[in-house]
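A.B. asks: Predicted model follows, preceded by the sequence.
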Amino acid sequence: MSMRVAMNLLWCRPGVGGSEEYLTRQLAGIAANGHPVEIEVFAPRGFARRLPAVAGAFRVHEAPSDCERRPGRVLLEHTWLAARTSEFDIVHHGGGTVPVRGNRRTLLTVHDVQWVDYPHYVRPVKRAYLRTAVPRSLARAAHIATPTSFVKSTLERHFGTPAGKVSVVRHGLEPEMDAPTPPAEVRRRYALGDGPVVVFPAITHPHKNHGFLLQLLANGGGAWSDPALRVVFAGSAGHAEGDVRAMVASLGLGERVVMPGRVPAADRNGLLAIADAMVFPSEYEGFGAPLIEAMRMGAPVIASDRASIPEVVGGAGLVLPLRTDAWAGALDEVSGRRDALRAAGTARAATYTAELSARDLVDAYGRVLA
């Protein structure tokens, strides 16, 4: 018997990034594999135009607002959404909180709780909201989904959430990713020359730790000091964008650091395909989708040992402490182990597919009704 599920994506405004991809890839997995779930999506005005693949596979109900402002979105969850989802078997709240009104048969997705471990990276108004809304939501939810065991354990440790109330629903990549832009074209488009390339695909938020890589380029020695090396910061402008650009200038790295902003998926894949390494020195990730995207495209991974990152990488990349001396020889190491790391990455990425993610999600829905 099919479950009828309302998926609340009212928080999915342009720019929310990986959390939106996490759920839309689950939807792709459900649509492709005929799971016994009938999902209807509730989303901001303009969502169907922005994400036509979702709209083509599922019924989308657009709110009378673009939901750009949190107070308006929260009001809609308690009124417009609550009125339209009362008869569904399950309401899946994908944005980390559950309204205090509405259908109680809920699955809550918690992507991360960065604000607990790194409160200084979260703006005070948002932090105050989360301190109230998240504990209440964890208690109200019938069941909870997290992308990693790391996030699950954080909920247990900080909020006393019972382990049996939480399911890990892995992130998953689509069966077909955009064909990579050809090497010659991607090098020309981003002025990369003929030398080595390192890619860091991340928004310039403080916790992503772009400054660590800039220090490596300036002072790391070895392969990091190669004047032909180009480092591509391929991500949208975040809260630390100005600081990152100022640091690039102050360290004299303008010719070696390329900052094109968020790039099309085909170009991202093309950059990863030619990369000597994908580097990921983030201080905090609830999952870190770029890690498996890089593995899928054959880029060896060099990543920090923080938060969920070791869990996601497993043994398929270099996982290193955030010290410049620990990273100093990393490029030389991945050069010597390139074939083995690429093979390990391909195998690791195969455990993170949209099909498997959808299967995890359907299992979590079953827990709501158990």
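C.D. replies: Ah, there it is.

A.B. asks: mind listing the helices for the stretch 101-250 of the chain?
C.D. replies: In the stretch 101-250 of the chain, the segments counted as helices under DSSP state H, counting those that start in this stretch are 114-117, 124-140, 149-159, 183-189, 210-219, 241-250.

A.B. asks: now those in TSV, with mean pLDDT, mean neighbour count and distance to Arg50?
C.D. replies: C-betas here are computed from N, CA, C, even on glycine. Rendered in TSV, the data for the helices of the stretch 101-250 of the chain read as follows (pLDDT from 0 to 100; neighbours: other C-beta atoms under 10 Å; distance: least, C-beta to C-beta, whole Å):
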stretch	mean pLDDT	mean neighbour count	distance to Arg50
helix 114-117	92	18	25
helix 124-140	94	15	23
helix 149-159	97	17	27
helix 183-189	97	15	24
helix 210-219	96	20	27
helix 241-250	98	15	23
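
A.B. asks: any chance of those in a markdown table, plus distance to Val334?
C.D. replies: Listed next are these as a markdown table, based on distance: least, C-beta to C-beta, whole Å:
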| stretch | distance to Val334 |
| --- | --- |
| helix 114-117 | 28 |
| helix 124-140 | 37 |
| helix 149-159 | 24 |
| helix 183-189 | 18 |
| helix 210-219 | 14 |
| helix 241-250 | 24 |
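
A.B. asks: now for those, which one comes closest to Phe42?
C.D. replies: Using C-beta to C-beta as the measure, helix 124-140 is the one of the helices of the stretch 101-250 of the chain that comes nearest Phe42, at 17.0 Å.

A.B. asks: ok, and the closest non-adjacent residue to Ser236?
C.D. replies: Arg262 (4.3 Å; C-beta to C-beta, 6 or more residues apart in numbering).

A.B. asks: Which residues are in contact with that neighbour?
C.D. replies: Counting by C-beta atoms under 8 Å, 6 or more residues apart in numbering, Arg262 makes contact with 203, 234-236.

A.B. asks: Where does it fall, secondary structure wise?
C.D. replies: Arg262 is part of no helix or strand, with elements assigned from DSSP states H and E.

A.B. asks: how close does it sit to Ser2?
C.D. replies: Applying C-beta to C-beta, to the nearest Å, one obtains 37 Å for the distance of Arg262 from Ser2.

A.B. asks: sorry, back to before: show the pLDDT at the residue nearest to Ser236.
C.D. replies: In this model, Arg262 is scored at 93, pLDDT.

A.B. asks: Unless I misread the structure, Asp325 falls within a helix.
C.D. replies: Yes: secondary structure of Asp325, determined by DSSP: H, G, I helix; E, B strand; the rest coil: located in a helix.

A.B. asks: any idea how far it is from Gln215?
C.D. replies: Separation of Asp325 from Gln215 (C-beta to C-beta) stands at 11 Å.

A.B. asks: and Val74, how many neighbours?
C.D. replies: 18 (other C-beta atoms under 10 Å).

A.B. asks: Which residue ranges make up each domain of the protein?
C.D. replies: Here the chain is described, according to automatic domain parsing, as comprising the domains 3-174+353-369, 183-349.

A.B. asks: And the shortest one, end to end?
C.D. replies: Spelled out, it's domain 183-349. Domain 183-349 has an end-to-end distance of 22 Å (criterion: C-alpha to C-alpha, to the nearest Å).

A.B. asks: Ok, the longest one next?
C.D. replies: For domain 3-174+353-369, the separation between the terminal residues is 9 Å (C-alpha to C-alpha).

A.B. asks: Stretch 69-88 too?
C.D. replies: Stretch 69-88 has its terminal residues 27 Å apart, counting by C-alpha to C-alpha.

A.B. asks: so how far is it from its chain's centroid?
C.D. replies: In terms of C-alpha atoms, centre = their mean, to the nearest Å, the centre of stretch 69-88 is found 25 Å from the chain centre.

A.B. asks: buried sites along that stretch?
C.D. replies: By 16 or more other C-beta atoms under 10 Å, the buried positions in stretch 69-88 come out as 72-74, 76-77, 80-82, 84-85, 88.

A.B. asks: Tell me which of these fall in strands.
C.D. replies: Nothing among those maps onto strands, per DSSP state E.

A.B. asks: Adding distance to Ser65 and pLDDT, write the residues you listed out as CSV.
C.D. replies: Below are the buried residues of stretch 69-88 laid out as CSV (distance: C-beta to C-beta, whole Å; pLDDT from 0 to 100):
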residue, distance to Ser65, pLDDT
Gly72, 6, 94
Arg73, 7, 94
Val74, 11, 94
Leu76, 6, 97
Glu77, 11, 96
Trp80, 9, 97
Leu81, 11, 97
Ala82, 15, 97
Arg84, 14, 97
Thr85, 17, 98
Phe88, 21, 98
